[in-house]
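Asks: quick one, fold the following:
(4 chains)
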There are 4 protein chains.
Amino acid sequence: MRLGVLTGGGDCPGLNAVLRALVRRGVLEFGHEFVGILNGYEGLMEPRLTEPLTLDQVRGILPKGGTILGTSNKANPFKYPERHEGKMHEVDRSDIALKRYRELGLDGLVVIGGDGTLSIGHQLALKGMNVVGCPKTIDNDLSGTDQTFGFDTAAGIITEAIDRLHSTAEAHQRVMIVEIMGRNAGFLTLEGGIAGGADVILIPEIPYKVEAVVKKLKDRAARGSKFSIMAVSEGAYPFGGSVAVLQKAEEIPGRGVVRLGGSGKVLADLLAPHIDAEIRVTVLGHLQRGGTPSAADRVLATMYGAMVLDLIREQRWDHMVCLRDGRLQFTSLAESRKERHVEPHGDKVRMARSMGISFGD
Amino acid sequence: MRLGVLTGGGDCPGLNAVLRALVRRGVLEFGHEFVGILNGYEGLMEPRLTEPLTLDQVRGILPKGGTILGTSNKANPFKYPERHEGKMHEVDRSDIALKRYRELGLDGLVVIGGDGTLSIGHQLALKGMNVVGCPKTIDNDLSGTDQTFGFDTAAGIITEAIDRLHSTAEAHQRVMIVEIMGRNAGFLTLEGGIAGGADVILIPEIPYKVEAVVKKLKDRAARGSKFSIMAVSEGAYPFGGSVAVLQKAEEIPGRGVVRLGGSGKVLADLLAPHIDAEIRVTVLGHLQRGGTPSAADRVLATMYGAMVLDLIREQRWDHMVCLRDGRLQFTSLAESRKERHVEPHGDKVRMARSMGISFGD
Amino acid sequence: MRLGVLTGGGDCPGLNAVLRALVRRGVLEFGHEFVGILNGYEGLMEPRLTEPLTLDQVRGILPKGGTILGTSNKANPFKYPERHEGKMHEVDRSDIALKRYRELGLDGLVVIGGDGTLSIGHQLALKGMNVVGCPKTIDNDLSGTDQTFGFDTAAGIITEAIDRLHSTAEAHQRVMIVEIMGRNAGFLTLEGGIAGGADVILIPEIPYKVEAVVKKLKDRAARGSKFSIMAVSEGAYPFGGSVAVLQKAEEIPGRGVVRLGGSGKVLADLLAPHIDAEIRVTVLGHLQRGGTPSAADRVLATMYGAMVLDLIREQRWDHMVCLRDGRLQFTSLAESRKERHVEPHGDKVRMARSMGISFGD
Amino acid sequence: MRLGVLTGGGDCPGLNAVLRALVRRGVLEFGHEFVGILNGYEGLMEPRLTEPLTLDQVRGILPKGGTILGTSNKANPFKYPERHEGKMHEVDRSDIALKRYRELGLDGLVVIGGDGTLSIGHQLALKGMNVVGCPKTIDNDLSGTDQTFGFDTAAGIITEAIDRLHSTAEAHQRVMIVEIMGRNAGFLTLEGGIAGGADVILIPEIPYKVEAVVKKLKDRAARGSKFSIMAVSEGAYPFGGSVAVLQKAEEIPGRGVVRLGGSGKVLADLLAPHIDAEIRVTVLGHLQRGGTPSAADRVLATMYGAMVLDLIREQRWDHMVCLRDGRLQFTSLAESRKERHVEPHGDKVRMARSMGISFGD
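Replies: This next block holds a predicted model:
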């Protein structure tokens, strides 16, 4: 078989491990031929953006972050950006994708990505392509699977960062706020917060009250703890506060647009009037998704990549591999569209609370 | 309640995280008082080897390897070493343990350790102590639980080591053998081997043949791969070979006992006559169990430590916490005595094989 | 002798290594007694902020970031903040420092810190205290010494961060800007930029022109390099641009003070109109000064800490230890007040340019 | 100009950084053309072992360990191994090297390596080749230069390893011995030992006495320190002991050659009869030379690589770049043949002793 492969959405440690396992098993066990489609779905729309994906090209890429195929989180064939009369429009150009799929002589297409990438894969499957998927997100917020690769690596980077901030927090008796990725889900913040020994963990699933956070900090100070570490999700904003307002960017005459800051900055501004200690915000940003994948992520990504061939052998199109209850399984691509969230009354939150960690509620 | 706590067996990243979670939740939520029992069961036998375990003492220990209570893998109250007439004997002194438990005024005893430590805990429970357990082993070979803390950290260290050896292997076109811990189970070798991109993985569960390994190395050389990485469990010896002989230490007149080497050395000696390339052996040894725990291990250890208090509240003595199907649960202490092994036909081995990794069989 | 010790200014990896070496050699070789003065000079002004500094307290602190004595970059005895009639004033209270120095029965005072801390030490020496110093700054901008501990650790963290950003930059074909510490000196940016393989390095010592940076990025794109990494010092602003304006914080009615961003943000805003690629800014901030010190910094800090005792033995007050031409030496405390800067025509800049790195000039 | 490049001797972190800087500056500033000569001098002797070395090939290699050119520590053109009548002989085949140098149309040859590689380069220069050198050794034992790249990375790995062993040593109250590379020089052991907080440091430059080591361990135990960390150079053997005997491999009938172990094993055997505590040996081996180079090594290697072009421009053949008194300089290739050693009465040893570290003398 001749199989196209693309990686879409934000880059994520483990993507190269998936590609390596896919190509190695595909070539060695099944004799498949692979076509690398570059820059996510953009490579399916534009000629020239493909290249052969051979054993040679996947050699030595296991420890490498990023993706050798490139990625993009913009090119959606169903909402393809085109310029008409000086303005950008989003046009359904999925027919082009289908046409190129046939021109490339593909028997199937492997799409590796998050909810966006997988959803588009599902739509392309409905149009007749043989699509199989592999889930990817450092945020771990895909409902179709219990665990995604990239999450463990990101949690490790966050934990190491919090360890470092501890030194400074303690030496200077400061309140350190760490703003952590995760979109609308608090998985990374909860994991990194517990692992880093944070005193306060604020996640989107548990709206926080500023007074409750202030109280926690004052209680700590009263008991002699002169510093505090707070882990806050990029999507966590205080209860009752209008996120729309808080996140808003403002136009300042003569200076262009000024962004009022992410959730960490907002929290610092809200706490500052009530707290004596100095407050510092660190936004981890892109550091969380780069670099060499952890051992666990390499293994999970490798399993996923090799397992995709089972789906292809069984012609189980419009499906993706997943991990459920500790076992490699598969599920419908449509499944990927539902978001997964931290369970506010689950074991992790309950145990964290019991140890004295505040969720600001 | 007044609770004794001890850590037994080999040290393991995450032990301090268990102690921290246990004491924090115990004090903050239940108002318990903790007594630290030093150096494993030795502290239960000898006076003076105890100290109060308070919130102050567990502050800042989350990222620390080892155990602040010390450990020992020798002191078993049921087989306590005593000297009689110039010779060492193992004597049942469990009555002393019971007596000291009472003298210390304990309402319960938390034992954190591997199969040995947990088994002794079970026996003490049968004698009337209120014992609860928390499983620990970097080897992941406890049958009562799907995952133990320490394993993820060790797998990460192994993977980083293999990454480093890759540079040298490639530059010098060598065969590099890495000997990996795990006793009679191949979990660490399989995990580290896949994550590190090993070409050959040898584990105790799949006895290997020297010819099969030689063939693999020659096939690689024939295809232009001038170096190879081999991950071998400390417990993996060739099929048909007498382990007893291979592992044997010999007495050399005038030079004392000479150890003939572990599984890595044995493998190198067996391959040398058949292979042109230079062979180098690296024994990771104690590096695998030291240092700061990974994020995942800190979280798992923290959950275990906090969860132990649920067992105590419910007076579920003679039980231990565990993780099954991704959920925190509990199981009988007796359960810990069964060893867990890599499933030779399971998903991981199957996928690894499909990618061209040889298991030497 | 009875010696006071304090750490002042921003925290820095290696401070604990200095304290450990100082106390170990002081006690073991000379039989000195040490008094820890907490939170920098604040501890010299306020009663209760001292504690004995013994062998026990310096045990195990070698790998720890921060400082076990705490630090502060605010308390200057010569400009001590006091509240009069509702307003804060800075008052010369060095007499109090001198008085407490005598009350504590000190024969000497060891001050470990950057230019601020060392300058104050010099002024106190002029007032009659027996002061010796140890230089400290991650920025490496002290003129009295060729190398300060903390710098190597920070450079390592920066390099690792740039490595991580490479994955994302390449996968998404983005321009990544990394804002790096260093106050008015570009040492950290130059070191981290070269080590991380940055394409553009912008430092305060070489004012940059936006057009030159734009040209470099366009040249790279024209040659097929679709991503770029830029390392920019927190103190680097474009030539001709008014830093005062660019750095200014603005008051927005009803929203308090809004900071317009550091040098990285300013650079991104200036480039955005001219560049097609997405631009992302990462501010490393406090991550650069936390965590375990590198091997080189531990050794340098240890040498400094032990060497301080040579100064004390020789009663060479008002001096500090330093490293010059690769040898441990000493210099006058007054020396510390001059800033050191990257030599714009030195070897490192010249070699970096020759390899195609742009400095934006 | 058309320049050949080879890397010889043991692999070393930073070799790729040298190659990258050399090729980038060579191509961009001077328009040189480079020929990669594979596997050290072997590539100069055998046809087919060359390949063009272009900007494309040095892209992205900065963080990679090893060398993209491959290396060898066996092929010496002046003592080339050849088989005559069933036996291996070493024959002077430098004429072949010279002939191939001319056939390849080279205007110069850059040799990157340790004393062996540089010495051969010097001999080839005497025969008329235009040779320039770049020093390389993780051991830091080259007399021509104050610092070699690779050393800092190796010291970092050693320090991290000792940190890990601390956890285990403390938890189990053991004596941990770490055997460290360095051939006949103790630089790595001294640096790693100080940075890792070792209690005993044994180096070849200071022959040790077993009784002195035993005394140190007993003193520590007497003062309540129940564990000890010992850093021992691979070349450090006890005073008076015959190294020849101690290192000897023995033939055991039916079992082939049995190596009696390196310096760590020898030390353990010598201590065992005198010490109660368990002793464990860890041999770091090849882990010390693999993996990504440290920031400092990347910068030093980059400076060296770019600086080589200065030598070539000035036609300063038979010379190599070096670092002296903190400045990039050059020196004669002949210089490389002298070994550098730890100064037994230098600052580092003196300060280490003053802090209570024993050198076993």
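
Asks: excluding its backbone neighbours, what's nearest the residue of the stretch 201-350 of chain A found nearest chain D?
Replies: As assessed by CB to the nearest CB, chain D sits closest to A:T292 within the stretch 201-350 of chain A, at 8.9 Å. Backbone N, C-alpha and C define where each C-beta goes, glycine included. Leaving aside its sequence neighbours, A:T292 sits nearest to A:P63 (CB to CB, 6 or more residues apart in numbering or on different chains; 4.7 Å).

Asks: ok, which stretches of the stretch 101-250 of chain A are strands?
Replies: Counting by DSSP state E, counting those that start in this stretch, the segments of the stretch 101-250 of chain A that form strands are A:108-113, A:131-135, A:175-180, A:200-202, A:228-233, A:249-252.

Asks: pLDDT weak spots in the stretch 151-300 of chain A?
Replies: Low-confidence segments of the stretch 151-300 of chain A (pLDDT under 70): A:239-261.

Asks: and the helices in it?
Replies: Along the stretch 151-300 of chain A, counting by DSSP state H, counting those that start in this stretch, helices occupy A:151-172, A:187-196, A:210-222, A:243-247, A:263-271, A:295-313.

Asks: distance to chain D and mean neighbour count for those - can I get that in JSON lines?
Replies: Formatted as JSON lines, these follow (distance: least, CB to the nearest CB, whole Å; neighbours: other CB atoms under 10 Å in any protein chain shown):
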{"stretch": "helix A:151-172", "distance to chain D": "13", "mean neighbour count": "26"}
{"stretch": "helix A:187-196", "distance to chain D": "18", "mean neighbour count": "29"}
{"stretch": "helix A:210-222", "distance to chain D": "29", "mean neighbour count": "16"}
{"stretch": "helix A:243-247", "distance to chain D": "36", "mean neighbour count": "14"}
{"stretch": "helix A:263-271", "distance to chain D": "28", "mean neighbour count": "21"}
{"stretch": "helix A:295-313", "distance to chain D": "15", "mean neighbour count": "25"}
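
Asks: any chance of the ones you listed in a markdown table, with distance to D:P13 too?
Replies: Formatted as a markdown table, the helices of the stretch 151-300 of chain A follow (distance: least, CB to CB, whole Å):
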| stretch | distance to D:P13 |
| --- | --- |
| helix A:151-172 | 21 |
| helix A:187-196 | 29 |
| helix A:210-222 | 43 |
| helix A:243-247 | 44 |
| helix A:263-271 | 36 |
| helix A:295-313 | 21 |
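
Asks: what's the closest of these to chain C?
Replies: For chain C, the closest of the helices of the stretch 151-300 of chain A is helix A:151-172, at 3.0 Å, according to CB to the nearest CB.

Asks: next, the angle strand A:228-233 makes with the closest one.
Replies: Using axes from the mean of the first three to the mean of the last three CA atoms, to 10 degrees, the inter-axis angle of helix A:151-172 relative to strand A:228-233 is 150 degrees.

Asks: helices or strands up against helix A:151-172?
Replies: Counting contacts by 3 or more CB pairs under 8 Å, 6 or more residues apart in numbering or on different chains; DSSP states H and E, helix A:151-172 is packed against strand A:175-180, helix A:187-196, strand A:228-233, strand A:279-283, helix A:295-313, helix B:295-313.

Asks: could you dump these to CSV with distance to D:G262?
Replies: CSV is the format used below for those (distance: least, CB to CB, whole Å):
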stretch, distance to D:G262
strand A:175-180, 45
helix A:187-196, 38
strand A:228-233, 44
strand A:279-283, 45
helix A:295-313, 29
helix B:295-313, 32
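
Asks: give me every residue in the stretch 51-200 of chain A lying close to chain B.
Replies: Residues of the stretch 51-200 of chain A found near chain B (CB under 8 Å from any CB of the partner chain) are A:62-63, A:146, A:152, A:155-156, A:158-159, A:163, A:191-192, A:194-197.

Asks: so what's the residue count around the residue in the stretch 251-361 of chain A positioned nearest to chain C?
Replies: Using CB to the nearest CB, the single residue of the stretch 251-361 of chain A nearest to chain C is A:G290, 3.0 Å away. Look at A:G290: counted by other CB atoms under 10 Å in any protein chain shown, it has 28 neighbours.

Asks: ok, now which ones touch the nearest residue to it once chain neighbours are set aside?
Replies: Nearest residue to A:G290, sequence neighbours excluded (CB to CB, 6+ apart): C:R164, at 3.0 Å. Listed by CB atoms under 8 Å, 6 or more residues apart in numbering or on different chains, the contact set of C:R164 reads A:65, A:157, A:286-287, A:289-291.

Asks: who wins on neighbours among these?
Replies: A:G290 (28 neighbours).

Asks: these two touch, right, that one and C:I162?
Replies: No. Counting by CB atoms under 8 Å, A:G290 stays clear of C:I162, with 9.3 Å between them.

Asks: check contacts around A:L69.
Replies: Contacts for A:L69 (CB under 8 Å, 6+ apart) come out as A:5-7, A:15, A:19, A:36-39, A:43, A:53.

Asks: my read is that A:M351 contacts B:Y304, right?
Replies: No. At 9.3 Å, A:M351 does not count as touching B:Y304 under the criterion of CB under 8 Å.

Asks: shared neighbours, those two?
Replies: By CB under 8 Å, 6+ apart, A:M351 and B:Y304 have these common neighbours: B:A21.

Asks: quick check: A:M355 touching B:M307?
Replies: No. Using CB under 8 Å, A:M355 is not in contact with B:M307; the gap is 11.1 Å.

Asks: still on that earlier bit, can you lay out the helices and strands packed on helix A:151-172 as JSON lines showing distance to chain C?
Replies: What follows is the helices and strands packed on helix A:151-172, written out as JSON lines (distance: least, CB to the nearest CB, whole Å):
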{"stretch": "strand A:175-180", "distance to chain C": "7"}
{"stretch": "helix A:187-196", "distance to chain C": "12"}
{"stretch": "strand A:228-233", "distance to chain C": "11"}
{"stretch": "strand A:279-283", "distance to chain C": "5"}
{"stretch": "helix A:295-313", "distance to chain C": "13"}
{"stretch": "helix B:295-313", "distance to chain C": "15"}
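
Asks: quick one, which of those gets closest to B:P238.
Replies: Among these, helix A:295-313 comes nearest to B:P238, with 26.0 Å by CB to CB.

Asks: is chain B contacted by the closest one?
Replies: Yes. Against chain B, helix A:295-313 shows contacts by CB under 8 Å from any CB at A:295-296, A:298-299, A:302-303, A:306-307, A:309.

Asks: now the element after that helix, going C-ward?
Replies: strand A:319-324 (DSSP states H and E).

Asks: what's that following strand packed up against?
Replies: Taking 3+ CB pairs under 8 Å, 6+ apart as the contact cut, strand A:319-324 packs with strand A:131-135, helix A:295-313, strand A:327-332.

Asks: what angle separates the longest one from helix A:151-172?
Replies: For helix A:295-313 against helix A:151-172, the angle between stretch directions is 160 degrees (the same axes, to 10 degrees).

Asks: any idea how far helix A:295-313 is from the chain center?
Replies: Distance of helix A:295-313 from its chain centroid, counting by CA atoms, centre = their mean, to the nearest Å, is 18 Å.

Asks: tell me what angle it forms with helix B:187-196.
Replies: Between helix A:295-313 and helix B:187-196, the angle comes out at 70 degrees (the same axes, to 10 degrees).

Asks: what angle do helix A:295-313 and strand A:319-324 make?
Replies: 140 degrees.

Asks: now helix A:295-313 - C-alpha only, PDB.
Replies: C-alpha atoms of helix A:295-313 as PDB (Å, rounded to 0.1, in the frame of the first residue of the first chain):
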ATOM      1  CA  ALA A 295      10.900   7.900  28.100                       C
ATOM      2  CA  ALA A 296       7.200   7.300  28.700                       C
ATOM      3  CA  ASP A 297       6.200   9.500  25.800                       C
ATOM      4  CA  ARG A 298       8.600   7.800  23.500                       C
ATOM      5  CA  VAL A 299       7.100   4.500  24.400                       C
ATOM      6  CA  LEU A 300       3.500   5.600  24.100                       C
ATOM      7  CA  ALA A 301       4.200   7.400  20.800                       C
ATOM      8  CA  THR A 302       6.000   4.300  19.500                       C
ATOM      9  CA  MET A 303       3.100   2.000  20.400                       C
ATOM     10  CA  TYR A 304       0.600   4.400  18.700                       C
ATOM     11  CA  GLY A 305       2.700   4.600  15.600                       C
ATOM     12  CA  ALA A 306       3.100   0.800  15.300                       C
ATOM     13  CA  MET A 307      -0.500   0.200  16.200                       C
ATOM     14  CA  VAL A 308      -1.800   2.400  13.400                       C
ATOM     15  CA  LEU A 309      -0.800  -0.400  11.100                       C
ATOM     16  CA  ASP A 310      -3.300  -2.700  12.800                       C
ATOM     17  CA  LEU A 311      -6.000  -0.300  11.900                       C
ATOM     18  CA  ILE A 312      -4.800  -0.200   8.300                       C
ATOM     19  CA  ARG A 313      -4.500  -3.900   8.000                       C
END
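
Asks: no more questions from me, cheers.
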